[in-house]
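Novice: just need the structure, nothing else, for what follows:
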Amino acid sequence: MFKSVLLTIDLNHPASWEKALPQAVEIVRASKGTLHVLSVVPDLGTPMVESFFPPDFEKQAISAANTALNDLVTREVPQEINVKQHLAFGKIHDEVLAGIEETGCDLVVMASHQPDRVREFLVGSNADRVVRRSPVSVLVVRA
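Specialist: Presented below is the predicted three-dimensional model:
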């Protein structure tokens with residue numbers, strides 16, 4: 001059984017957790033393990049893009065994400081589940097891989113929508129990047 005499960009969510013897209021969260025909760029409930037919920041605030045990519053945002057944008061985004069993550073966990077995770085929240089800032093797939101190492105989880109649960117062919121060709125998906133590089137099993141739930 002999986003004693004430590006890492007659930008990745010996008011706070012701006014409920015589809016990223018609506019189906020994946022119940023799956024993760026059932027796995028943790030069955031194993032009496034710990035659920036780690038990770039959300040990543042994506043960085044803006046380049047200094048040129050960052051220059052269009054206020055100087056404290058990163059701080060504001062992290063603060064808002066922290067509040068939203070806390071609200072989501074409080075509202076959606078049953079009280080009997082041992083849960084820990086994690087918030088990161090950076091490239092999503094890199095931060096998820098770092099979260100795997102940090103939490104010592106034995107399973108990652110994440111949602112993935114079916115990407116269109118052009119986007120998939122140009123940038124790929126975060127789920128694909130995590131699946132290919134993860135040292136632990138990954139359950140991808142179709143959103």
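Novice: drop to CA atoms for contacts and neighbour counts, all remaining ones
Specialist: Noted.
Novice: can you read off the pLDDT for residue 143?
Specialist: pLDDT for residue 143: 77.
Novice: cool, residue 13 as well?
Specialist: At residue 13, pLDDT is 89.
Novice: on the three-state scheme, it is what?
Specialist: Under DSSP: H, G, I helix; E, B strand; the rest coil, the three-state class of residue 13 is coil.
Novice: how close does it sit to residue 111?
Specialist: Residue 13 is 10 Å from residue 111, where distance means CA to CA, to the nearest Å.
Novice: who has more neighbours, those two?
Specialist: Between residue 13 and residue 111, counted using other CA atoms under 10 Å, the more crowded position is residue 111 (23 against 9).
Novice: which non-adjacent residue is nearest the more buried one?
Specialist: Nearest residue to residue 111 in three dimensions, chain neighbours excluded: residue 141, at 4.6 Å (CA to CA, 6 or more residues apart in numbering).
Novice: just list the residues touching that neighbour, thanks.
Specialist: 19, 20, 109, 110, 111, 112 (CA atoms under 8 Å, 6 or more residues apart in numbering).
Novice: and if we set it to 10 Å?
Specialist: Contacts were defined as CA atoms under 10 Å, 6 or more residues apart in numbering; by that measure residue 141 touches 16-21, 23, 109-113, 127.
Novice: and of those residues, the nearest to residue 97?
Specialist: Distance to residue 97, by CA to CA, is smallest for residue 127 among the contacts of residue 141, at 10.8 Å.
Novice: buried residues in the lengthiest helix in the chain?
Specialist: Among the segments of the chain that qualify as a helix by DSSP state H, the longest is helix 57-76. Residues 58, 62, 65, 66, 69, 73 are the ones in helix 57-76 that count as buried (16 or more other CA atoms under 10 Å).
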